[in-house]
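J.: after the sequence you'll find the predicted model.
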Number of protein chains: 2
Amino acid sequence: MSKKATRRPPEQRRQEIVDTAVALANTLGLDRVTSRDVANELGVATGLVHHYFPTVDELVVAAFAQAATGQNEQDETACSTLPALDALRALVQRTLAMDSADARLWMSAWVAAPRRPELAREVDKQMLAALDILTGLLAKGHALGVFDAPNPTGSAVRILTLFDGFVVQLSMRSHAAYGDIHSLIWDTVEREVGLPAGSLRP
Amino acid sequence: MSKKATRRPPEQRRQEIVDTAVALANTLGLDRVTSRDVANELGVATGLVHHYFPTVDELVVAAFAQAATGQNEQDETACSTLPALDALRALVQRTLAMDSADARLWMSAWVAAPRRPELAREVDKQMLAALDILTGLLAKGHALGVFDAPNPTGSAVRILTLFDGFVVQLSMRSHAAYGDIHSLIWDTVEREVGLPAGSLRP
DNA sequence: CTCCTTGTTGAACATCTACTCAACAGCTTA
DNA sequence: TAAGCTGTTGAGTAGATGTTCAACAAGGAG
C-alpha cells in the first residue's frame, strides 16, 4: 500500500487490480468497490484502474466472476475426482464452511445485479454453472445407483435454494442457530437423494 | 408529484415521507433511497425531508420498519385468529406470495445492515419477531397435538432459513423453477411439523 | 386585521464518485 | 547511448448526494 508503483506487465497489473477489488468486495460488498479505494489500496493512481477497466462496472463484474469461478471450480474438481457420495459430501461441507465475507459477496451481487446488466448476466451464469454442477453430480450418482434422485434438476434447485438461505443467515451473523441450520441442510440433502438420515454427514 | 406542496400536520407529512421512502425502497432497494428522490417524488423540497428525518439513515430505518412490521403483523393476526394448522398454512402462503419487490427490500436491508448500525438493529428485531411468531405458532400447535414439533425454535429457524433462500431466488427472478421451490417449502414445513406429506398444501 | 408559530423553501457547502487526458517516466530495442 | 512504445501519473471536469440554514408564507390566536 505504501510501496512505489513500479511498472508491470499488463496481465499482472490487471490481475492485481482484480484481486484488490475482490478483497474490497469481500469486506464492503460489490457495490462499495470504488476506483479510488482500489487505487489507494494498491498504491497506484486512480487513472490506472480506469486504464485497465474503463468503467467500474467492468471491474466489479471481473471481481465477482473471479471469486465465483473459483468456488465453482473447486466443486467441479471435487465432482470429477471423487466418488459421487464423497463429492456431494465435499460440496455440502464447502458450503457450510463459507464465512460471512463470502456470504456478503454473494448478497451484494444479488442486490446490485438488477441495476447492472453485465453483473446480472455474470451472476446468472455463475448460478447456472453451480446448478449444472450439482445436477450433473446427482444425475451421475443416480445412474450409478448411489443416490435415488429421479429428478436431478429439481433436487439441485431445492438444495441450492437452501444454500442461499444459509448464505443469508451467514451474512447476518445474527441470532441464527447454526447447529440447527447445519442439521437442516444435511438432513434435506440426504432426504433429497434418498440416503438414510445421517449417512452423508461426516 | 406535480402537486403543490400544501402545508400539512406533521404526523401526516411524516407518514407521507415514510410511505414514499418505502415505495422507492421497493423499487430500488433501501440503499438507493435518497432525500432528493423522496422529495421530488413527493413534490416537496429536500430540506423538508431532513426536517422530519435529520439523517437519511433514520428515514431508511423508518421505511424498513414500517414495511417489515406490516408483514409481521399480518402473520401475527393470522396466528391469533386462525386454528394452528390454518395459521401455518396462511403463513406459508403469504411467504410464497411475495413478489420480487418485497424480496429486494429484504435483500437490500441485509446488505445495507452491516454499514448502518441502526438499520442492523431494526433488521435483527424484525427477524427475531418473525422467529418468535413462528416459534409460538409451532409450540401452540404442538401443545394442542396438531403438530409434532418438539423443538419449535429449531423448526422455526429451519423454516425461516428456507424462506430466506426463497427470497433470494425471488429477487433474482432468474432460472429458478418456482414449482420446485414451492414444493420444497411445503414438503419441508410439513415434515418439520410431523404432518403427512401434502396435508398442509391448500 | 395583525402577529406569531411553524411548516416549508431552495440555494449553498462539503464530500464522494466516475471518468478524462495531457504529460511523465520506465523498459526495450536499435 | 539514444529513441520510442507504453505503463503510469495526478490534476481536472462533471454529477450525485447529505446536510445546513436563513428566509418565506400559511393558518390559527388575539
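T.: Received the coordinates, thanks.
J.: taking chain A, what residue is nearest to DNA strand D?
T.: A:G47 (1.9 Å; CB to the nearest atom of the strand). (Glycine included, C-beta is placed from N, CA and C.)
J.: which other helices and strands contact the helix or strand hosting that residue?
T.: Take DSSP states H and E as the rule and A:G47 turns out to sit in helix A:46-52. If you count contacts as 3 or more CB pairs under 8 Å, 6 or more residues apart in numbering or on different chains; DSSP states H and E, helix A:46-52 packs onto helix A:10-28, helix A:35-42.
J.: avg pLDDT for that helix?
T.: Mean per-residue pLDDT for helix A:46-52: 98.
J.: what of stretch A:7-19?
T.: Stretch A:7-19 shows a mean pLDDT of 95.
J.: what's the helix or strand for A:I133?
T.: Applying DSSP H and E, one finds A:I133 within helix A:117-144.
J.: now the element after that helix, going C-ward?
T.: Downstream of helix A:117-144, the first helix or strand assigned by DSSP H and E is helix A:152-172.
J.: how about chain A: which residue is closest to chain B?
T.: Going by CB to the nearest CB, chain B is nearest to A:G165 of chain A, at 3.1 Å.
J.: can you give me the buried ones in stretch A:150-169?
T.: Using 16 or more other CB atoms under 10 Å in any protein chain shown as the burial criterion, the residues of stretch A:150-169 that qualify are A:152-169.
J.: centre of the chain to the helix holding A:G47, how far?
T.: The chain centre lies 27 Å from the centre of helix A:46-52; the measure is CA atoms, centre = their mean, to the nearest Å.
J.: can whatever helix or strand comes next after that helix be found next to chain B?
T.: Remark: after helix A:46-52, the chain's next helix or strand is helix A:56-81, criterion DSSP H and E. No - judged by CB under 8 Å from any CB of the partner chain, helix A:56-81 stays clear of chain B, getting no closer than 13.8 Å.
J.: wait, does helix A:56-81 make contact with DNA strand C?
T.: Yes - Helix A:56-81 is in contact with DNA strand C by CB under 7 Å from any atom of the strand, via A:56-57.
J.: contacts for stretch A:21-38, please.
T.: Here stretch A:21-38 makes contact (CB atoms under 8 Å, 6 or more residues apart in numbering or on different chains) with A:17, A:20, A:41, A:46, A:49-50, A:56, A:59-60, A:62-64, A:66-67, A:101-102, A:104-105, A:107-109, A:111-112, A:119, B:31, B:111, B:115.
J.: buried set for that stretch?
T.: A:21-26, A:28-35, A:37-38.
J.: name the nearest residue to A:W186, sequence neighbours excluded.
T.: Nearest in space to A:W186, with sequence neighbours left out and distances taken as CB to CB, 6 or more residues apart in numbering or on different chains, is A:R201 at 4.9 Å.
J.: skip the chain neighbours and tell me the closest residue to A:F163.
T.: Excluding its sequence neighbours, the residue lying closest to A:F163 (CB to CB, 6+ apart) is A:T95, at 5.2 Å.
J.: give me the pLDDT for the one you found.
T.: The per-residue pLDDT reported for A:T95 equals 96.
J.: before we move on, what about A:H175?
T.: In this prediction, A:H175 carries a pLDDT score of 51.
J.: same question, A:V38
T.: 98.
J.: what of A:D187?
T.: Model confidence at A:D187, given as pLDDT, is 92.
J.: got it, and the one 5 residues further on?
T.: Looking at A:E192, its pLDDT reads 92.
J.: what's the burial count for it?
T.: For A:E192, the count of nearby residues is 23 (other CB atoms under 10 Å in any protein chain shown).
J.: that one and A:A149 touch, don't they?
T.: Yes - look at A:E192 against A:A149 with CB atoms under 8 Å: they come within range, at 7.0 Å.
J.: name the residues contacting each of those two.
T.: The contact sets of A:E192 and A:A149 overlap at A:S155 (CB under 8 Å, 6+ apart).
J.: how about the residue nearest to the spatial centre of chain A: what's its closest non-neighbour residue?
T.: Closest residue to the average C-alpha location of chain A: A:A68 at 4.1 Å, with CA atoms, centre = their mean. Nearest residue to A:A68, sequence neighbours excluded (CB to CB, 6+ apart): A:Q126, at 4.0 Å.
J.: residues in chain A within reach of DNA strand C, list them.
T.: So chain A meets DNA strand C at A:6-7, A:33-37, A:46-47, A:50-51, A:54-57 (CB under 7 Å from any atom of the strand).
J.: leaving out sequence neighbours, find the closest residue to the residue of chain A closest to chain B.
T.: Per CB to CB, 6+ apart, closest to A:G165 is B:G165, 3.1 Å.
J.: check A:L170 too.
T.: Excluding its sequence neighbours, the residue lying closest to A:L170 (CB to CB, 6+ apart) is A:A103, at 4.0 Å.
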